[in-house]
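A.B. asks: need a structure here:
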Amino acid sequence: MRIFSKVVEMGGFARAAVALDMSNAVVTRYVADLESHLGTRLLNRTTRKLSLTETGHVYLERVRQILADIEDADAIAAISAKKPSGTLRIYSVPGFGVSQLAPLLALFAKKFPDVILDIKISSHPVDMVEEGIDVGFFLDLQKIDSSMVARQLATPDVMLCATPEYLRVNGTPETLDDISRHRCLNYAFDFMRHNWMVHDWDTEELSYAGKSKQVLKQIPVNSCVVSNNTAILRECALADMGLVLLSSYSLDNDIRSGRLIRLFPEHSFGSVSIFMAYPSRRLLSAKVRSFINFIVEQFPHAGSHPSAQ
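C.D. replies: Numbering: from 1, shown residues only. Here you go, the predicted structure:
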């Protein structure tokens, strides 16, 4: 198959023979044996011209894919024998990067001390190929290029929180409508600037089972701070500046320590999924493959991204 593919690539038996460091006769015989084995002609030959038959076109397309897969398998086998080393470039959104990824990077560094970690934390989208990023961590609200390989790592809940001091001074909201009377710290998504969405129970419209059904309620909010950086919003919340609505991975430690109080835990303010993405499955270096495997081990319920395979 390799010889047949090379003959087509080089446009002739003689040139293929030179490229393969074989005799013209041997190359010709191998292609003839292949055609005999398949029971069909793959090439039309004249003294001046070489062309593929219709069957040859179909066969060549499949052969090239098979040869590429064999090269990948050979490369993976070679890479697995190498020790992970060199610089690993990582991108992450701020909330996940600071609260979840940072502790894992410390563990990875201990396990693979020859790998240098180059970490970029930003709320702005990145072009992973252009910027040389090996592995990126994104929110599901961000667009991931369909050419990327992406795995869902986790889907944390979005929580509404405030400090005990803010609630002491301004009062604790008793109903969802009370949120509109409070100062709010808001993430800079257009659809959140003026309204927050929450699942509420409709007590007027009963379901067929005789129970109130859940509906999506829109709550007008007064934003005193708007930012695309979750770390800034968290710090503003800890400074008693208002109510904050962020994913649980950004606020879990503060809630457990009592620095923040979770409001309306019986209601759902939605969730946001975290995805790990990398440019290709093919020819991954030992450092990248080791890091991907390490992260997947930490998030055993990983899944695929709906827009990237």
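A.B. asks: what's residue 132 in contact with, if anything?
C.D. replies: Residues in contact with residue 132 (C-beta atoms under 8 Å, 6 or more residues apart in numbering) are residue 89. (C-beta placed from N, C-alpha, C; glycine too.)
A.B. asks: go with 10 Å
C.D. replies: If you count contacts by C-beta atoms under 10 Å, 6 or more residues apart in numbering, residue 132 has them with 87, 89, 118, 279.
A.B. asks: from those, which land in strands?
C.D. replies: Cross-referencing the contacts of residue 132 against strands under DSSP state E gives 87, 89, 118.
A.B. asks: so how far is residue 196 from the second one?
C.D. replies: Spelled out, it's residue 89. Residue 89 sits 35 Å away from residue 196, going by C-beta to C-beta, to the nearest Å.
A.B. asks: more neighbours: which of these two?
C.D. replies: Legend: neighbour count by other C-beta atoms under 10 Å for residue 89 and residue 196, higher for residue 196 (24 against 18).
A.B. asks: hang on, that one is in a strand, isn't it?
C.D. replies: Yes - checked against DSSP: H, G, I helix; E, B strand; the rest coil, residue 196 lies within a strand.
A.B. asks: bridging across strands, which residues link to it?
C.D. replies: With DSSP bridges applied, residue 196 shows beta-bridge pairing to residue 219.
A.B. asks: got it, and the one 4 residues further on?
C.D. replies: According to DSSP bridges, the residues that bridge with residue 200 are residue 215.
A.B. asks: tell me the buried residues in the longest helix belonging to the chain?
C.D. replies: Assignment by DSSP state H gives helix 54-80 as the longest helix of the chain. For helix 54-80, burial by neighbour count (16 or more other C-beta atoms under 10 Å) applies to 56, 59-60, 63, 79.
A.B. asks: circling back to that earlier point, need the ones in strands among the contacts of residue 132 in TSV (columns: pLDDT).
C.D. replies: Output for the ones in strands among the contacts of residue 132, formatted as TSV (pLDDT from 0 to 100):
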residue	pLDDT
87	93
89	95
118	96
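A.B. asks: how far does stretch 219-231 sit from the chain's center?
C.D. replies: The chain centre lies 26 Å from the centre of stretch 219-231; the measure is C-alpha atoms, centre = their mean, to the nearest Å.
A.B. asks: just to revisit the earlier point, between the buried residues of helix 54-80, which sits nearest residue 235?
C.D. replies: The closest of the buried residues of helix 54-80 to residue 235 turns out to be residue 79 (C-beta to C-beta; 42.2 Å).
A.B. asks: ok, back up a step: just the buried ones among the contacts of residue 132, please.
C.D. replies: Burial by neighbour count, judged by 16+ other C-beta under 10 Å, picks out 89, 279 from the contacts of residue 132.
A.B. asks: now flag whichever of the contacts of residue 132 is closest to residue 1.
C.D. replies: Closest approach to residue 1 among those (C-beta to C-beta): residue 279, at 28.0 Å.
A.B. asks: relative to residue 89, how far out is the closest one?
C.D. replies: Counting by C-beta to C-beta - residue 279 and residue 89 are separated by 11 Å.
A.B. asks: any residues in contact with both of those two?
C.D. replies: Jointly contacting residue 279 and residue 89 under the rule C-beta under 10 Å, 6+ apart are 128, 132-136, 288.
A.B. asks: can I get the ones in strands among the contacts of residue 132 in CSV including distance to residue 45?
C.D. replies: Shown next, in CSV, are these (distance: C-beta to C-beta, whole Å):
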residue, distance to residue 45
87, 51
89, 50
118, 54
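A.B. asks: which one of those residues is nearest residue 300?
C.D. replies: residue 89 (25.3 Å).
A.B. asks: that closest one is in contact with residue 129, isn't it?
C.D. replies: No - using C-beta atoms under 10 Å, residue 89 makes no contact with residue 129, being 11.5 Å away.
A.B. asks: what packs against the longest helix of the chain?
C.D. replies: Counting contacts by 3 or more C-beta pairs under 10 Å, 6 or more residues apart in numbering; DSSP states H and E, helix 54-80 packs against helix 2-10, helix 24-38, strand 43-45, strand 50-52, helix 286-298.
A.B. asks: measure the closest residue to residue 26 other than its chain neighbours to residue 36 for me?
C.D. replies: Distances taken as C-beta to C-beta, 6 or more residues apart in numbering place residue 17 nearest to residue 26, at 7.3 Å, with adjacent residues excluded. For residue 17, the distance to residue 36 (C-beta to C-beta) stands at 20 Å.
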